[in-house]
Structures are given as C-alpha cells and as structure tokens.
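Q: Take a look and give me a structure for this.
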Amino acid sequence: MSEPIQSVTLPPPQNPQQEGEWLRASLQQWLDNEFLPEDVNQDIAKRASQVFVRQRMEGENELIPLVMAILTEMQSFDFSKSFYSEFAIANAVGDLLLDSLGIDRCCGA
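A: I've put the predicted structure just below:
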C-alpha cells in the first residue's frame, strides 16, 4: 500500500509582503523561461502572489492548502492569452516553494 503524501509546512511568515514579492518575481521568471516572455505572465504572477500573501496573512502555512487556494482562485483568471492554466500555475508555485525550502521534489522524495 502506498504511503500518503507527507505534509509540508512553511515557516510562519515573517514578512508576507516580501514573500509575495519573491513569489511574484520567481513565478514570472519561471513563466518567461518556460515558454515565451509574454505581458500576461506579469498579470498571472501578480495574481498568484496576491492569493499567496492573503493566505499566509490568514495563517495558512501548509503547502497543499496554499497550492489549492491558488488553483481555485486562478480558475477565474482569463488564460486565453497564455500558454498556461490554473493547474500549471498552482504546480509551479508548489515547486518554487519546495525549492525555496530545499526539498527535493523529484521522484516523490
């Protein structure tokens, strides 16, 4: 029987706005590098970071609920001018956060 996915807890936020700015810049860089730099990437990164900051300020420190909140709220974003979807954005945010914590995300590790 497979083991459930371990929960990942982020440290309590010291400066949620600074974390949000880091996430916005990191996500925009990821978006620009993954396909093509597009103007809409800036809007996507800004919206995702706003959701992230709000969740952190409300006391959410668990990775999975943070990613799910971004997924849910990005469903209302207009992705028609982008190569991406809310799923790609939520997954990218999760990967960026895991990388920032030094957690290997390869192969279920």
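
Q: wait, what's in contact with Asp99?
A: By C-beta atoms under 8 Å, 6 or more residues apart in numbering, the residues touching Asp99 are Arg105. Where C-beta positions appear, they are placed from N, C-alpha and C, glycine not excepted.

Q: element containing it?
A: For Asp99, the element it lies in under DSSP states H and E is helix 86-101.

Q: before we move on, what about Leu23?
A: Counting by DSSP H and E, the secondary-structure element that holds Leu23 is helix 16-34.

Q: returning to that earlier point: if you count neighbours, what's buried in the helix holding Asp99?
A: The neighbour-count check on helix 86-101 (16 or more other C-beta atoms under 10 Å) flags 86, 88-90, 92-97 as buried.

Q: which residues touch the residue nearest to the spatial centre of the chain?
A: With distances taken as C-alpha atoms, centre = their mean, the residue of the chain nearest its centroid is Val93 (2.1 Å). Residues touching Val93, when contacts are defined by C-beta under 8 Å, 6+ apart, comprise 23, 27, 48, 52, 66-67, 70.

Q: could you redo the last one with a cut-off of 7 Å?
A: Remark: with contacts taken as C-beta atoms under 7 Å, 6 or more residues apart in numbering, Val93 is in contact with 23, 27, 48, 52, 67, 70.
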